[in-house]
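Q: I would like to see how this sequence folds:
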Amino acid sequence: MLQHQNDPELIRELLSDPGIWVVVGLSSNQTREAYGVARWLKVELGKGLIPVHPRAETVHGERGFATLSDIPDGVDVKVVDCFVNSEHVGAVVDEAIANKDRLQIDAIWMQLGVIDEDAARRARAAGLDVVMDTCPRIEWRGVRSGGMAR
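A: Residues are numbered from 1 along each chain as shown. The predicted model follows:
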């Protein structure tokens, strides 16, 4: 069985695109990794940010929603960034697939340590790009350090 391989070109494209990132699992808890990475995405990379967490808190000045399905129509989402445990990511991916056309979702990004091969396959079959088991902040170093030149 072939394990998922992340595509460096896809990673570069997603990190370079100014589009909106939905961060699933993002709350106002500053001790969580999601909090720092989301702040970095917004402040350092200038991304639009939508927090999704059951408490639907406002984080980094951005209004939160309890689920992907609660995000209003007309929002164009580039990436659904999953800061949830591997055993919960399949449900997030399925919700992203269900909302793909409505929210114009392009990609699923599963954070470092988040692995679900079946969910990745379902996402790709639905036409979504997939990055799995890595952090955008870590990948950005490679993109920034000259991976851009051809």
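
Q: tell me, how many residues neighbour residue 81?
A: Residue 81 is flanked by 30 other residues according to other Cβ atoms under 10 Å. For glycine as for every other residue, the C-beta is placed from the backbone atoms N, C-alpha and C.

Q: what of the one 3 residues further on?
A: As a burial measure, the neighbour count of residue 84 was computed by other Cβ under 10 Å and equals 19.

Q: which is the next helix or strand following the top helix by length along the chain?
A: Longest helix in the chain by number of residues, with DSSP state H as the criterion: helix 86-98. Downstream of helix 86-98, the next assigned helix or strand under DSSP states H and E is helix 100-103.

Q: so for that following helix, what gets flagged as buried?
A: Residues 100, 103 are the ones in helix 100-103 that count as buried (16 or more other Cβ atoms under 10 Å).

Q: for the record, mean pLDDT for it?
A: Mean per-residue pLDDT for helix 100-103: 98.

Q: contacts for that helix, please.
A: The set of residues external to helix 100-103 that reach it, using Cβ atoms under 8 Å, 6 or more residues apart in numbering, is 68, 71, 73, 75, 76, 77, 126, 127, 128.

Q: thinking again about what came up before, show me what the longest helix of the chain is packed up against.
A: strand 77-82, strand 107-110, helix 117-125 (3 or more Cβ pairs under 8 Å, 6 or more residues apart in numbering; DSSP states H and E).

Q: partner strands of the first one, parallel or antiparallel?
A: Neighbouring strands of strand 77-82 in its sheet, by DSSP bridges, are strand 20-24 (parallel), strand 107-110 (parallel).

Q: ok, which of those comes nearest residue 51?
A: Counting by Cβ to Cβ, residue 51 lies closest to strand 20-24 out of those; the figure is 5.8 Å.

Q: next, the angle from whatever helix or strand comes next after that closest one to strand 77-82.
A: Heading C-terminal from strand 20-24, the first helix or strand you meet, by DSSP H and E, is helix 33-43. Per axes from the mean of the first three to the mean of the last three Cα atoms, to 10 degrees, the angle that helix 33-43 makes with strand 77-82 is 160 degrees.
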